[in-house]
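A.B. asks: How does the following fold in three dimensions:
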Amino acid sequence: MATTRHFTRHVNAGETIAEAIKDCTDYGKNPDKTRGGDLISSYECDPATVDAEFLLSKSKYKAITGREQKRDENILCYQIRQSFLPGEVAPEEANRIGYELGMNWTKGRHAFLVTTHIDKAHIHNHIYYNSTSLDCTRKFRNFWNSSFAIRRVSDR
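C.D. replies: Okay, here's the model as predicted:
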């Protein structure tokens, strides 16, 4: 069984929203950690342009709803880190499990990117999902104890 952790990504001081999204997804897509990009999968976004697509959805959200969050309160994307014990799964299987977790957790309503890192003794996934829904009318609402809920979904 994998261990999981849930993170939020905000804009740091001195960076733009575009830079913030690009920084986190670029870390995940690092070719040295993902076997040259072979261990990357995605849902409703292209791994090569995921940062621009996430950013575009935020602009559409503002245009459709008329709502804009304060810069320091705006959650750009969420990240789930899913780690497996050494030897527990093959890299391809870990990526498939991460994709299933992303799909089950977002219920197919949010674009996401799964990157499987093999640079450590334990294989682990970084699952980045857009805080803005695919139809750009809603934002994901994080809730109390979501980390425990993610763990239950992952264990299934």
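A.B. asks: Mind jotting down where the strands sit in this protein?
C.D. replies: Counting by DSSP state E, the chain has strands at residues 3-9, 40-43, 77-83, 112-117, 124-130.
A.B. asks: neighbouring contacts of the second one?
C.D. replies: Residues from elsewhere that reach strand 40-43, judged by CB atoms under 8 Å, 6 or more residues apart in numbering: 28-29, 34, 47, 50, 95-96, 98-99, 102-103, 106, 108, 111-116. Yep, even glycine has a C-beta here, placed from its N, CA and C like the rest.
A.B. asks: Kindly write the PyMOL command that selects the buried subset of those.
C.D. replies: In PyMOL, this line selects whichever of these come out buried by 16 or more other CB atoms under 10 Å:
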select buried, resi 28+29+34+47+50+95+96+98+99+102+106+111+112+113+114+115+116
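A.B. asks: Quick one: mark the members of the contacts of strand 40-43 that sit in helices.
C.D. replies: G28, V50, N95, R96, G98, Y99, G102, M103, T106 (DSSP state H).
A.B. asks: Can you give me the separation between the residue in the chain sticking out farthest from the centre and K60?
C.D. replies: Relative to the centre of the chain, the most outlying C-alpha is that of G66, 25.2 Å out, by CA atoms, centre = their mean. To K60, G66 is 12 Å away according to CB to CB, to the nearest Å.
A.B. asks: quick one: K60 and N130, what's the gap?
C.D. replies: Applying CB to CB to K60 and N130 gives a distance of 11 Å.
A.B. asks: Name the residue in those two with the higher neighbour count.
C.D. replies: More crowded of K60 and N130, by other CB atoms under 10 Å: N130, with 28 against 14.
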